[in-house]
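>>> What follows is a predicted structure for the sequence shown.
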Amino acid sequence: MSNTVTTVLGPVDAADLGVVAVHEALLSVVPGAQYAFDIEIDRADVFDTLRAQLHEFKAAGGGTVVDRTGMFHGRDVRLLENLSRATGVHIVASTGMGPEENLGGYFLTPQTNPPTPWPAERFAELFAAEVTEGMVVPRVERRGGAGLIVTDATESGATPTDESLLRGAARAAATTGVALSFGAPADPAAALEIALAEGVPASRVIVAGLDRADAAGTALAVAERGAYVALDHVGWDAASGHLDDDARAGLVAELIAAGHLDRILLSSSSTGAAFGHAPAPATLTTVLTDFVPRLRARGITDEQIERILVANPQAVLAGQEN
Amino acid sequence: MARVNTVLGPIAVKELGFTSIHEHIGYGMPGSELDTKWWKSPEQRYEETIPKLRKFREYGGETFVDATGICNGRDLDYYKSISEKTGVHLIASTGFVGGDTALKFFADASVEYLADQFIHELTVGIGRSGAKAGIIKVGVSRGFKMLPLDLKIYRAAARASRETGAPILTHLAVDVHPAIEIFQDEGLPLSRVLFGHADDGVSQGKVDEQAILSAGGRVGFDTFGYDLELPDPPFWGRPRQERLEHFLRYIREGHIDQVLAAADANCSPLGWPGVKGHTINYIFETLIPALKENGIDDAMIRKVFVDNVADFFTPPAS
């Protein structure tokens, strides 16, 4: 069991992470949008925008942001390093990809005959190398290691390639010892069994998106299986297909009552600077400024809140008993 | 006088000279940039590329049409430096090699948006490079069948071609009927379209050559040199003599006006190993001597590599 978490500036003692926002996106670019004729990604503007948001997060009591964009949705490792230096906020960057629609043809229709999509093993190698050898700046260099492996399945149901991605991500998590975070909107419980079958311990697995309106009941089952439950759309409303914050707070209370305080994670899936898609309706500070008062109003204690925002993410990211 | 955009600015079509119509400085499938197994240092990329283009110039080559689409490692600033240092005119493409090389942002875009993207790259510029595209690339996804995304890109390309006068070149000449239908539906003369890779090994038996010719389209013999005689030929390779005879048949049957030729070689491949022993200079070192041995004279060679190219880049009178 390690006591450190890999941030973009190197290993940090888990106890120093503070409040962790586990599922956020800093720079978020839909694959291909960087080549669009009418999208201008002004790096200096992006830096200023994200720096201001990270300062706000810090002022609200935040300590660490986990950028859950993976390796092919706008991740810019050097930008993240400089943002962390400029703000003092720890940033954990992620590797991984998904769902299938976000992948490049290199993985889906390779220059082989027939063009067989990549199997799990190759994804596992690609993602594991980003942990052990460092994250890529495409065709230029590797930087520090990824601190989380992420993947997502297609909303309407996992495709065969989505399953290869999940198996590969889980295998890479198992071999490297970093945590796995996956979203599987159509069937989170089945996806969790697939991940566990690849040898990653449940205590290193985060299941994303369990505050979707259609995920009712799944959160409890996931927690019972020993994996972490990410209620990661804090601040999103019912129109977005998620629980509203009131129902979300109710789900937190329900999980606590069932004895799963140690498996709850909260985050907002914010998009600090979004290109090629609509920005998220929540920000990095939504959990601390808007949602924590709601939890208190429901009688959830400060000690329990601290557990959810500080101890739980530390444990899953560092691989500690919790 | 008709003009064409090179990466260093417009030139008169009369200045194009000897042109290879379908080549790549370096091609990589989208996402290959994430896999370090293919990475090359900038030194290595220039070392692999510059000598081939200098030799191309020495042989009398003047213009190199790069058929690398958006998302495939197309790199205009790099192209500009290569063109400037070697003296080879370099024409860049807008468009996509096929639907399966268009990333999500473009896969989700409308026909109108894609047409605007292509027109912008042809008339305003590509990214921040200041360089404009001179030709539009489209193509058929893997599987020899036009997919809905391929069709959408073909339609957008037809609109961009009508708007700008730039010609279109295709990756693969298979499943050609839906393509011809779209071009006709959009009012684009088929002489604006080069149906490429009609000569590759895997396409044989799948190309309706008569349909292309009778519609007035152009046929690309543009994978010259991917010979099965190579030590490690690619899956689209073909016996050298068979390809040559295929080409000679076209010329002898009176279709010389409708053919263009190239080698489709990568100077320095980006996301695949490339094919050892195959370069653009196959045209001068192997193809032209073979054509001459078979009675094709200099005037006919000039027709294929110079006059037809100039005609292809000349917008139709409006």
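Yes, it's here. Note that the coordinates shown come from a computational prediction; the quantities given were computed from them, not determined experimentally. Numbers count the residues shown, from 1 in each chain, chains lettered A, B, ... in the order given.

>>> Find the closest residue to chain B in the stretch 151-300 of chain A.
Taking C-beta to the nearest C-beta, chain B has its nearest neighbour within the stretch 151-300 of chain A at residue A:276, 4.8 Å off. Glycine gets a C-beta too; all of them are placed from N, C-alpha and C.

>>> quick one: contacts for that residue?
Shown in contact with residue A:276 (C-beta atoms under 8 Å, 6 or more residues apart in numbering or on different chains): A:29-30, A:32-33, A:36, A:39, B:105.

>>> tell me which element the residue nearest to residue A:36 when sequence neighbours are not counted falls in.
Closest residue to residue A:36 apart from its sequence neighbours, by C-beta to C-beta, 6 or more residues apart in numbering or on different chains: residue B:105 at 6.2 Å. Taking DSSP states H and E as the definition, residue B:105 sits inside helix B:104-107.

>>> Next, the contact list for residue B:17, please.
Taking C-beta under 8 Å, 6+ apart, one finds B:62-63, B:89, B:306 in contact with residue B:17.

>>> cool, and residue B:16?
Neighbour list for residue B:16: B:4, B:62-63, B:89, B:306, B:309-310, B:313 [criterion: C-beta under 8 Å, 6+ apart].

>>> And the residue in chain A positioned nearest to chain B, what's its pLDDT?
Among the residues of chain A, residue A:104 lies closest to chain B, at 2.6 Å counting by C-beta to the nearest C-beta. You'll see residue A:104 listed with a pLDDT of 98.

>>> buried stuff in stretch A:87-97?
Using 16 or more other C-beta atoms under 10 Å in any protein chain shown as the test for burial, stretch A:87-97 gives A:87, A:89-97.

>>> Would you indicate which residues of stretch B:221-240 are buried?
Under 16+ other C-beta under 10 Å, the buried positions of stretch B:221-240 are B:221-227, B:233-234, B:236-238, B:240.

>>> gap between residue B:243 and chain A?
Residue B:243 is 18 Å from chain A, where distance means C-beta to the nearest C-beta, to the nearest Å.

>>> which residues touch that residue?
Residues in contact with residue B:243, defined by C-beta under 8 Å, 6+ apart, are B:199, B:221, B:223-224, B:227.

>>> residues from chain B in reach of chain A?
Residues of chain B lying close to chain A by C-beta under 8 Å from any C-beta of the partner chain are B:28-36, B:39-40, B:70-71, B:100-107, B:116-117, B:120-121, B:124, B:127, B:141-143, B:202, B:235, B:270-272.

>>> Now, the residues you listed that are in helices?
Secondary structure from DSSP state H places B:104-107, B:116-117, B:120-121 of these in helices.

>>> Of those residues, just the buried ones, ChimeraX syntax please.
Buried residues among those (16+ other C-beta under 10 Å), as a ChimeraX selection:
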select /B:104,105,106,107,116,117,120,121
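
>>> now the ones in helices among the residues of chain B next to chain A as TSV including pLDDT?
Below are those laid out as TSV (pLDDT from 0 to 100):
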residue	pLDDT
B:104	98
B:105	98
B:106	98
B:107	98
B:116	98
B:117	98
B:120	98
B:121	98
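
>>> Could you save the ones in helices among the residues of chain B next to chain A as TSV and add columns showing distance to residue B:266?
Below are those laid out as TSV (distance: C-beta to C-beta, whole Å):
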residue	distance to residue B:266
B:104	25
B:105	25
B:106	23
B:107	25
B:116	30
B:117	25
B:120	27
B:121	22
